[in-house]
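**Student:** Quick one, structure for this:
(4 chains)
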Protein chains: 2
Amino acid sequence: MRADARRNYERLLTEAAAAFGANGTEASLEDIAKAAGVGVGTLYRHFPTRQDLILAVLRDRFEAMAATARDLTAGDPGRALRGWLLAQLHHITATRGLTAELAVAVNNPESPLHGQCESLFSISAGLLAKAKETGAVRPDLTQPDLAAIVHGIAWSCESDPARQERLLDLFLEGVLL
Amino acid sequence: MRADARRNYERLLTEAAAAFGANGTEASLEDIAKAAGVGVGTLYRHFPTRQDLILAVLRDRFEAMAATARDLTAGDPGRALRGWLLAQLHHITATRGLTAELAVAVNNPESPLHGQCESLFSISAGLLAKAKETGAVRPDLTQPDLAAIVHGIAWSCESDPARQERLLDLFLEGVLL
DNA sequence: GCATAAGCGGAGGCAGCCTCCGTATATTTA
DNA sequence: TAAATATACGGAGGCTGCCTCCGCTTATGC
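**Tutor:** The predicted structure follows:
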């Protein structure tokens, strides 16, 4: 890959992340190209579809999430699970406007990002298994349950982290007496 | 209002509901107008913005939800609350593709639909208050908590009602042992 | 320095958004 | 029932954003 091509690629990614964060996934691609100082043609060569661009932006997030997950596997299993769920909420929220796309990647095996999701899942499943072993959580709880509830909470309280945390705790502790 | 105008209004609403259900909120307005057998001009006169059209479609759902809620206020408070949350999930799912808009209406006091939301809220708050009185649920639970979690679950499992119900029960019963 | 492969840019064709206003039709009035 | 009037209709047209295509530019290897 030529040096200028790589430079443009990075610039586009940066501007896209900013634009999606500010205006959601519908941000104008022509504007993103302009902001990155390249023509539309260049944008489309690097990212043939809007989806490709979105996925590329998300890819970075995955790295960060995986790192967090690895850190947590060291600690106390009961706390670790809550910590991991909370960390997921933070990461998803940091990707404001891309929550829906992220959920698609998680749920749809066709998505090019699904592979990376799987690696997160296995970490997540590991944390869950440990928590079950120590009797910290109910044994019928599954990894997909956790993924679904976390995305649901992240999405429905996208701009209210305090409520996210509250809902997570309600979920963990239960509501019925 | 002239008779033909009313007829066109109804037709547009019907076609819009179908189009939004099939293609999401981004469905082409020109296509909706065509399907309803009117010109775009007519569509825009009745519904100046896409938002107006979406809200009009949602309005019907609210009637149905309010009716369900009233029915439930009669039964056993503990069960009634779960029944109401489940009914909400069903209603929201029936509005496939409009979940996000519905959530906006609920959370944003500026929304023209917020008034109707409020009336649902008061019914909902009534059910919650009764459940608290009988000691069925924890006393710190609030109506907004319930609204947020229900929308989150509905959104994240839009096409999987079984998982919706499962997540709802996990939420009610709790996950930690 | 030159050849050549790799990459660039933006014009242009297309689709959907929304407005505007001349035309048509329902309703009222006499 | 026919004229008068208010009401509503339709779709052309201007605009913006999407995406493709290809002649031009520039980096890189020899």
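
**Student:** Indicate the residue of chain A located nearest to DNA strand C.
**Tutor:** A:Gly41 (1.9 Å; Cβ to the nearest atom of the strand). (Glycine included, C-beta is placed from N, CA and C.)

**Student:** Tell me, what's the model's pLDDT at A:Ala36?
**Tutor:** A:Ala36 is assigned a pLDDT of 98 by the prediction.

**Student:** can you count the residues close to A:Leu176?
**Tutor:** 16 (other Cβ atoms under 10 Å in any protein chain shown).

**Student:** Who are the contact partners of it?
**Tutor:** B:Gly78, B:Ala136, B:Val137, B:Arg138, B:Leu172, B:Glu173, B:Gly174 (Cβ atoms under 8 Å, 6 or more residues apart in numbering or on different chains).

**Student:** Show me which helix runs longest in chain A.
**Tutor:** Secondary structure of chain A per DSSP state H: the longest helix is helix A:50-72.

**Student:** and after that helix, which helix or strand comes next?
**Tutor:** helix A:77-94 (DSSP states H and E).

**Student:** for the helix or strand harbouring the residue of chain A closest to DNA strand C, the distance to its chain's centre please.
**Tutor:** Per DSSP H and E, A:Gly41 falls inside helix A:40-46. When distances are taken as Cα atoms, centre = their mean, to the nearest Å, helix A:40-46 is centred 25 Å away from the chain's centroid.

**Student:** Give the buried residues for it.
**Tutor:** Residues of helix A:40-46 classed as buried by neighbour count (16 or more other Cβ atoms under 10 Å in any protein chain shown): A:Thr42, A:Leu43, A:His46.

**Student:** cool, stretch A:129-144 as well?
**Tutor:** A:Lys130, A:Ala131, A:Lys132, A:Ala136, A:Val137, A:Leu141, A:Gln143, A:Pro144.

**Student:** what's the farthest-apart pair in those?
**Tutor:** A:Ala136 and A:Pro144 (18.9 Å; Cβ to Cβ).

**Student:** sorry, back to before: give me the subset of the contacts of A:Leu176 that also touch chain A.
**Tutor:** Restricting these to those adjacent to chain A (criterion: Cβ under 8 Å from any Cβ of the partner chain) gives B:Gly78, B:Ala136, B:Val137, B:Arg138, B:Leu172, B:Glu173, B:Gly174.

**Student:** So what touches the helix or strand where the fifth one lies?
**Tutor:** Secondary structure here is read from DSSP H and E; on that basis B:Leu172 sits in helix B:161-173. Here helix B:161-173 makes contact (Cβ under 8 Å, 6+ apart) with A:141, A:144-145, A:148-149, A:152, A:170-171, A:174-176, B:82, B:85-86, B:89-90, B:93, B:149-150, B:153-154, B:157.

**Student:** Which of those residues are buried, as a PyMOL select command?
**Tutor:** PyMOL command restricting the contacts of helix B:161-173 to the buried ones, with burial defined by 16+ other Cβ under 10 Å:
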select buried, (chain A and resi 141+144+145+148+149+152+170+171+174+175+176) or (chain B and resi 82+85+86+89+93+149+150+153+154+157)
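
**Student:** mean confidence for stretch A:82-96?
**Tutor:** Throughout stretch A:82-96, pLDDT has a mean value of 90.

**Student:** Find the closest residue to chain B in chain A.
**Tutor:** A:Gly174 (2.0 Å; Cβ to the nearest Cβ).

**Student:** hang on, that residue packs against B:Gly174?
**Tutor:** Yes: proximity of A:Gly174 to B:Gly174 meets the contact threshold set by Cβ atoms under 8 Å, at 2.0 Å.

**Student:** rewinding a little: could you restrict the contacts of helix B:161-173 to the ones contacting DNA strand D?
**Tutor:** When contact is defined as Cβ under 7 Å from any atom of the strand, these do not meet DNA strand D at all.

**Student:** near chain B, anything from the least confident helix or strand in chain A by mean pLDDT?
**Tutor:** Lowest mean confidence among the helices and strands of chain A (mean pLDDT, DSSP states H and E): helix A:99-107, at a mean of 85. Yes: for helix A:99-107 and chain B, the contact criterion (Cβ under 8 Å from any Cβ) is met by A:Ala103.

**Student:** Alpha carbons only: can I get the helix or strand just after that helix in PDB?
**Tutor:** Past helix A:99-107, further along toward the C-terminus, the next helix or strand under DSSP H and E is helix A:114-133. What follows is helix A:114-133, C-alpha atoms only, in PDB (Å, rounded to 0.1, in the frame of the first residue of the first chain):
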ATOM      1  CA  HIS A 114     -18.800 -11.000  13.700                       C
ATOM      2  CA  GLY A 115     -15.400 -12.700  14.000                       C
ATOM      3  CA  GLN A 116     -14.100 -10.000  16.300                       C
ATOM      4  CA  CYS A 117     -17.400 -10.300  18.300                       C
ATOM      5  CA  GLU A 118     -16.800 -13.900  18.700                       C
ATOM      6  CA  SER A 119     -13.500 -13.400  20.300                       C
ATOM      7  CA  LEU A 120     -15.100 -11.000  22.800                       C
ATOM      8  CA  PHE A 121     -17.800 -13.500  23.400                       C
ATOM      9  CA  SER A 122     -15.400 -16.200  24.400                       C
ATOM     10  CA  ILE A 123     -13.800 -13.800  26.900                       C
ATOM     11  CA  SER A 124     -17.200 -12.900  28.100                       C
ATOM     12  CA  ALA A 125     -18.300 -16.500  28.300                       C
ATOM     13  CA  GLY A 126     -15.200 -17.300  30.300                       C
ATOM     14  CA  LEU A 127     -16.100 -14.600  32.900                       C
ATOM     15  CA  LEU A 128     -19.600 -15.900  33.000                       C
ATOM     16  CA  ALA A 129     -18.500 -19.500  33.500                       C
ATOM     17  CA  LYS A 130     -16.200 -18.500  36.400                       C
ATOM     18  CA  ALA A 131     -19.000 -16.600  38.000                       C
ATOM     19  CA  LYS A 132     -21.300 -19.600  37.700                       C
ATOM     20  CA  GLU A 133     -18.600 -21.900  39.200                       C
END
